[in-house]
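Participant: Structure for the following, please:
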Amino acid sequence: MNDMNYGPNAWHKIPATQTDAYKYWKDLEKYMPADMAKNTCNSKGDFNDNKASPVNLRNTDDNCKEFHQLRPNRRTDHAPLLGRVATVEIKSHSLRISYPRVGKEDLTVPSADIPQGWGKFLHVAYCEFKVPASHTMQGKKFVAEMNCYIIQKAGRGLGVFTILFEIGSFNKLLDQAICAFQTVWQTGKNACSRGGRRDLEEEVDVVDNDDGDNDFRARKFENTNTSMFRDLQENSKCGGGWNPFEFMYQTKSWHFYGYRGTLMEPPCSQIVEHRVFDTPAEMSIGQLEDMKKILFTHQDPGTCQYTSVHNKFESVAREFESVARPLQPSQRSRIHRCTCRDFISDEQRRKEGRKSCRAGTEKQWMPNPTDLVPARGEQWDL
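Facilitator: Modelled structure (predicted):
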């Protein structure tokens, strides 16, 4: 694969109306705050090196816009990933879980109350995983991130809440998703193996990192026939109801960075309000290896072509293969940092009888009480 032809450096050459993102959001185009029919992936030319995504997250001394935590709808009846509600897909740049467009009173699709006056509970359109993470935080890189896109029809575009991941403990909730993606991966592998094509499992090693993680070696990409695939769907062997907001609870943080940015795939439209939680969730090394293998070696069952556009040539990807768009210039981006001085969790409010914490007491309220004031030279209006 030639990165100059297919990688992020060439995205600005793609007609906007031919992109997957435009086709997906086209029915909501009238609600978007930007013209999605225009390709704006040339950040320097289109945004003057400003307001593109992803970025290095840090406090730029912009005011926090929110006044309460993100509130998941606890009434939602979360369905299994391989059930009849969600659609599990391996995209060219991500592992995606999509949900149908439903009415505002629907309780089968995850929804949340986003602060800053977005209205009551808004439904998730899809959640997608990328390896490695697209965003960095104060210069620190993360092994993966999950972006959940939330629909809003009042002209403000899309709300996206993001969870970053670092290597740590085995994550059962994440493993449900990996199991579902692995099922889709195996379908393509089986179809292509039956056609006499090469077996990607034997031929491709995404990484040759053997560090003794028994978790990864125990997870084998075994052949599954169509009968087993049906059983897997019907019996929900990838677990029961799956709630993407549970990752937020895993971080034990209610606070985040926020900024107005763009889609991180063509046509890179400026229609997104990003909210990235300031504390990562964890995954095991084995789970990271599984996600890489699923994403980077997936074959389309119809054509047996590789579907990933993972990019081996960009400097940002030298550490390991990547589907992430490189960091965009953000010297003048307005990135706000919400802390307990702006709001505490709803549970803490009920318990303590207050809405926020006092300056100097952040360590008592936040798992990540850092970057509370902008570093020298980071103010957005300098």
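Participant: can you give me the helices in the stretch 51-200 of the chain?
Facilitator: 172-194, 200-203 (DSSP state H, counting those that start in this stretch).
Participant: can you map out the strands along the stretch 201-350 of the chain?
Facilitator: 256-261, 272-277, 281-283, 336-337 (DSSP state E, counting those that start in this stretch).
Participant: how about the ones you listed in TSV, adding distance to Ser134, mean neighbour count and mean pLDDT?
Facilitator: Using the backbone N, CA and C atoms, a C-beta is placed for each residue, glycine as well. Formatted as TSV, the strands of the stretch 201-350 of the chain follow (distance: least, CB to CB, whole Å; neighbours: other CB atoms under 10 Å; pLDDT from 0 to 100):
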stretch	distance to Ser134	mean neighbour count	mean pLDDT
strand 256-261	11	23	95
strand 272-277	10	23	96
strand 281-283	16	23	99
strand 336-337	19	21	96
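Participant: TSV for the ones you listed, including distance to Gln182?
Facilitator: Shown next, in TSV, are those (distance: least, CB to CB, whole Å):
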stretch	distance to Gln182
strand 256-261	30
strand 272-277	26
strand 281-283	15
strand 336-337	37
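Participant: Pick the most buried one from the helices of the stretch 51-200 of the chain.
Facilitator: Mean neighbour count (mean count of other CB atoms under 10 Å) peaks for helix 172-194 among the helices of the stretch 51-200 of the chain, with a mean of 20.
Participant: for this structure, what are the low-confidence residue spans?
Facilitator: Filtered on pLDDT under 70, the chain yields the residue ranges 1-7, 48-49, 117, 119, 195-236, 310-321, 380-382.
Participant: that older thread, so which of the strands of the stretch 201-350 of the chain comes closest to Tyr22?
Facilitator: With distances scored as CB to CB, the stretch of the strands of the stretch 201-350 of the chain nearest to Tyr22 is strand 272-277 (14.2 Å).
Participant: what helices or strands is that closest one leaning on?
Facilitator: Helices and strands touching strand 272-277, by 3 or more CB pairs under 8 Å, 6 or more residues apart in numbering; DSSP states H and E, are strand 158-167, strand 256-261.
Participant: out of those strands, nearest to Asp346?
Facilitator: Ranking the helices and strands packed on strand 272-277 by proximity to Asp346 (CB to CB) places strand 256-261 first, at 15.4 Å.
Participant: Identify the residues contacting the closest one?
Facilitator: Residues outside strand 256-261 that contact it (CB atoms under 8 Å, 6 or more residues apart in numbering): 51-55, 57-59, 62, 64-66, 70, 137, 161, 270, 272-278, 333-338.
Participant: hmm, back to that, what's the closest of the helices and strands packed on strand 272-277 to Lys355?
Facilitator: strand 256-261 (17.2 Å).
Participant: how far away is Phe245 from Ala34?
Facilitator: According to CB to CB, to the nearest Å, Phe245 and Ala34 sit 27 Å apart.
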